[in-house]
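Q: sequence plus predicted model, see below.
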Amino acid sequence: MANSYSNRYVIKSSFSKVVLASFLLVMASTTMYFANYLINRSQSLKVGASSSGQVDVFFEPAILTASPDALVNLWVTTDRQLGFAAVEVTFDIKVVSLSQEVVIPNSSLKRVIKKSTMAQANQTGKLSIVVAVDPTTVTTAPTGSFALANLKFKSVTTTPNLITNLGITNNSLQLIDSGSTPFTATIKTASMTLNPIVVSSSSTPTINTAPIIKSSWFNLFATKGKPYSAPFDATDRDLNDNLTMVIDGLPSGLSMTGCKTENWSTELGYTCTVSGTPTVSGKFNLSITVTDGKGGTASNKPTFRVY
């Protein structure tokens, strides 16, 4: 009886070892296959690599106010598909801190390799973001202009009208296209006014407020030979003002096709549409001017790119 039980135990134990060995063999084969796939994919991408593309990394808006919170997006504008991005955002932890965890909004960059937590960033004043496309979906890598990360900051000082900067560490910046070629990058910082003082006008004469041109970096690129249409916006806190916008320096084929004014109760919204089909490629220095008919003027000189 004991021998029979022992034999069954030996058989069962041997069977378990066979199953375990088979499982480990399958896992090893799968891991090796995946590793070989990544190596082959990387080699196939490098075959088509060419000269570096251009990428702009900036904050939108570039000028913001924290009273006490401020939302800002880390934006990227590329002329090629972005396959990998490593960016380090810097800020002064003595006066400002993150007030929520960083959000990666682009679904194509779903492989988050590294992302500093809110606590880590608020201890060091450095926010690291490293994201990439999945190797199996390289063809869906994003291009053009898009948000790389959504950030929210808050003031941690009571000093009024204090201006601080959001920066990007140049030495830590690494952006690579979907063909494994590094980009040539241009960096733009942002300024933030903390605890702005609001002056009451109840006991003072009415003062005309100048209009404000809203930053529209994501509208500042087009493709030669393809239809383009985008809004350019401005606002004015004086509801009775008559706003006018002039845009000089547009590339051939594009022009302003109409403007409209909207009353948003607390301010005027003014939108002019630029549309057409660009016939030339290159960089164009625009000059945008908005006047309110009462002496108030706003101007902006962004760069428009046609690829």
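A: Arrived safely.
Q: which stretches of the stretch 151-300 of the chain have low pLDDT?
A: 199-205, 215-218 (pLDDT under 70).
Q: just the strands in it please.
A: With strands called from DSSP state E, counting those that start in this stretch, the stretch 151-300 of the chain shows them at 162-168, 174-177, 184-187, 190-194, 212-213, 221-222, 228-236, 244-248, 254-263, 268-276, 282-285, 287-291, 297-300.
Q: identify the residues contacting the longest one?
A: Residues from elsewhere that reach strand 254-263, judged by CB atoms under 8 Å, 6 or more residues apart in numbering: 222, 228-229, 239, 243, 245, 247, 250, 268-278. The way it works is simple: take the backbone N, C-alpha and C, and place the C-beta from them, glycine included.
Q: residue 196 reaches residue 68, doesn't it?
A: No: counting by CB atoms under 8 Å, residue 196 sits too far from residue 68 to count as a contact (10.5 Å).
Q: JSON lines for the strands of the stretch 151-300 of the chain, including distance to residue 144?
A: Converted to JSON lines, these look like this (distance: least, CB to CB, whole Å):
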{"stretch": "strand 162-168", "distance to residue 144": "20"}
{"stretch": "strand 174-177", "distance to residue 144": "13"}
{"stretch": "strand 184-187", "distance to residue 144": "16"}
{"stretch": "strand 190-194", "distance to residue 144": "21"}
{"stretch": "strand 212-213", "distance to residue 144": "22"}
{"stretch": "strand 221-222", "distance to residue 144": "7"}
{"stretch": "strand 228-236", "distance to residue 144": "12"}
{"stretch": "strand 244-248", "distance to residue 144": "21"}
{"stretch": "strand 254-263", "distance to residue 144": "17"}
{"stretch": "strand 268-276", "distance to residue 144": "17"}
{"stretch": "strand 282-285", "distance to residue 144": "16"}
{"stretch": "strand 287-291", "distance to residue 144": "21"}
{"stretch": "strand 297-300", "distance to residue 144": "21"}
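Q: for residue 113, find the nearest of those.
A: strand 174-177 (11.3 Å; CB to CB).
Q: before we move on, back to that, of the contacts of strand 254-263, just the buried ones, ChimeraX syntax please.
A: Remark: buried members of these, expressed as a ChimeraX selection using 16 or more other CB atoms under 10 Å:
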select :222,228,243,245,247,250,268,270,271,272,274,276,278
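Q: okay, and the beta partners of residue 283?
A: residue 305 (DSSP bridges).
Q: quick one: contacts for it?
A: Residues in contact with residue 283, defined by CB under 8 Å, 6+ apart, are 303-305.
Q: how near is it to residue 168?
A: 21 Å (CB to CB, to the nearest Å).
Q: just residue 177 next, same as before
A: Going from residue 177 to residue 168 by CB to CB gives 19 Å.
Q: just curious, which of the contacts of residue 283 is nearest to residue 140?
A: residue 305 (22.8 Å).
Q: my read: that closest one touches residue 224, true?
A: No: counting by CB under 8 Å, residue 305 sits too far from residue 224 to count as a contact (10.5 Å).
Q: between these two, which has more neighbouring residues?
A: Ranked by neighbour count (other CB atoms under 10 Å), residue 305 and residue 224 place residue 305 first, with 18 against 15.
Q: for residue 293, which non-adjacent residue is spatially closest?
A: Of all residues not flanking residue 293 in the chain, residue 242 sits nearest, at 4.3 Å (CB to CB, 6 or more residues apart in numbering).
Q: swap in residue 222?
A: Nearest non-adjacent residue to residue 222, counting by CB to CB, 6+ apart: residue 228, 4.2 Å away.
Q: tell me the contacts of the one you found?
A: Going by CB under 8 Å, 6+ apart, residue 228 touches 222, 254, 274-278.
Q: now swap in residue 93 and tell me
A: 122-125, 156.
Q: could you pick out which of the residues you listed are located in helices?
A: 122-124 (DSSP state H).
Q: closest to residue 73 out of those?
A: Closest approach to residue 73 among the ones in helices among the contacts of residue 93 (CB to CB): residue 122, at 19.2 Å.
Q: might one say that the closest one is in contact with residue 98?
A: Yes: contact criterion CB under 8 Å: residue 122 and residue 98 qualify, at 5.7 Å.
Q: between the two, which is the more surrounded one?
A: Neighbour totals were compared for residue 122 and residue 98, and residue 98 leads with 21 against 17 (other CB under 10 Å).
Q: so the more buried one makes contact with residue 150?
A: No: using CB under 8 Å, residue 98 is not in contact with residue 150; the gap is 11.1 Å.
Q: picking up where we left off before, of the contacts of residue 93, buried ones?
A: 122, 156.
Q: distance to residue 56 added to the contacts of residue 93, as JSON lines?
A: JSON lines is the format used below for the contacts of residue 93 (distance: CB to CB, whole Å):
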{"residue": "122", "distance to residue 56": "27"}
{"residue": "123", "distance to residue 56": "29"}
{"residue": "124", "distance to residue 56": "26"}
{"residue": "125", "distance to residue 56": "24"}
{"residue": "156", "distance to residue 56": "30"}
